[in-house]
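Enquirer: here's a sequence, model it:
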Amino acid sequence: MPDRVTRIVWTANGDTIFAGQNLTSFIAKPKVETLYTVTIFDKNGCSATADIKVSIIKVRVLEIPNIIFTESQNNNQIFVVQSEDLDRILKFRIYDRWGSLVYTADNIDPVNEVDRFWKGTFNNKPVEQGVYVYVIDVLFKDGFFETRAGDVTVIREKN
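Expert: Numbering: from 1, shown residues only. Next up, the predicted model:
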């Protein structure tokens, strides 16, 4: 069969990327969703075409702690959300186990406004030790918006 092939044409989103007789495969590393098409021509003037779409799923990592130690001398005293891909925290909310809002902040710059994250307080007083729920609306540098939710445990040191 390969001796009957006269030409193989590969396209990506309609643009020719390879054309020749012996290009039966190649390695693709697209950065965006891409439709690849291969058309094979034979000596009789017949052709066959096949398509494959490669979709890109970008994993956006957020570093979100699940425990904070209040009244501590370590680095886990504040509930900070971080990521290299993060542009802004549009809305940051913390709820207690009864669903009452104990902390909220809007439009936080995660690099320059770390002091605006939650420090385990409500009305400037330390909250009870326990589990709290967070809901955050984030905007990534590539313009992607996402809401994330989960829980964080507040642990108090005993003196």
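
Enquirer: just for this structure, where's the confidence low?
Expert: 1-2, 70-76, 158-159 (pLDDT under 70).

Enquirer: spatially central, which residue of it would that be?
Expert: Taking Cα atoms, centre = their mean, the centroid of the chain lies closest to residue 60, which sits 1.4 Å from it.

Enquirer: so the closest residue to residue 118 other than its chain neighbours versus residue 97, what's the distance?
Expert: Leaving aside its sequence neighbours, residue 118 sits nearest to residue 79 (Cβ to Cβ, 6 or more residues apart in numbering; 4.2 Å). Just so you know, the C-beta spots here come from the backbone N, C-alpha and C atoms, and that holds for glycine as well. Residue 79 is 16 Å from residue 97, where distance means Cβ to Cβ, to the nearest Å.

Enquirer: between the two, which one's more packed in?
Expert: Taking other Cβ atoms under 10 Å, residue 79 and residue 97 do not tie; residue 79 has more neighbours (21 against 11).

Enquirer: which residues does that one contact?
Expert: Counting by Cβ atoms under 8 Å, 6 or more residues apart in numbering, residue 79 touches 65, 68, 94, 117-120, 134, 152.

Enquirer: out of the residues you listed, which end up buried?
Expert: By neighbour count, with 16 or more other Cβ atoms under 10 Å, the contacts of residue 79 hold 65, 68, 94, 117-120, 134, 152 as buried.

Enquirer: what values do phi and psi take at the residue nearest to the centre of the chain?
Expert: Here is the backbone geometry of residue 60 (degrees, to the nearest 10): phi -110, psi 110.

Enquirer: farthest pair in the buried ones among the contacts of residue 79?
Expert: Across those, the longest distance by Cβ to Cβ is 13.5 Å; it joins 119 and 134.

Enquirer: so what's the most far-flung residue of the chain relative to its centre up against?
Expert: Using Cα atoms, centre = their mean, the residue of the chain lying farthest from its centre is residue 44. It sits 49.7 Å away. By Cβ under 8 Å, 6+ apart, residue 44 lies in contact with residue 4.

Enquirer: just confirm it is within a strand.
Expert: No: using DSSP: H, G, I helix; E, B strand; the rest coil, the assignment for residue 44 is coil, not a strand.

Enquirer: next, count neighbours for residue 67.
Expert: Using other Cβ under 10 Å, residue 67 has 12 neighbouring residues.
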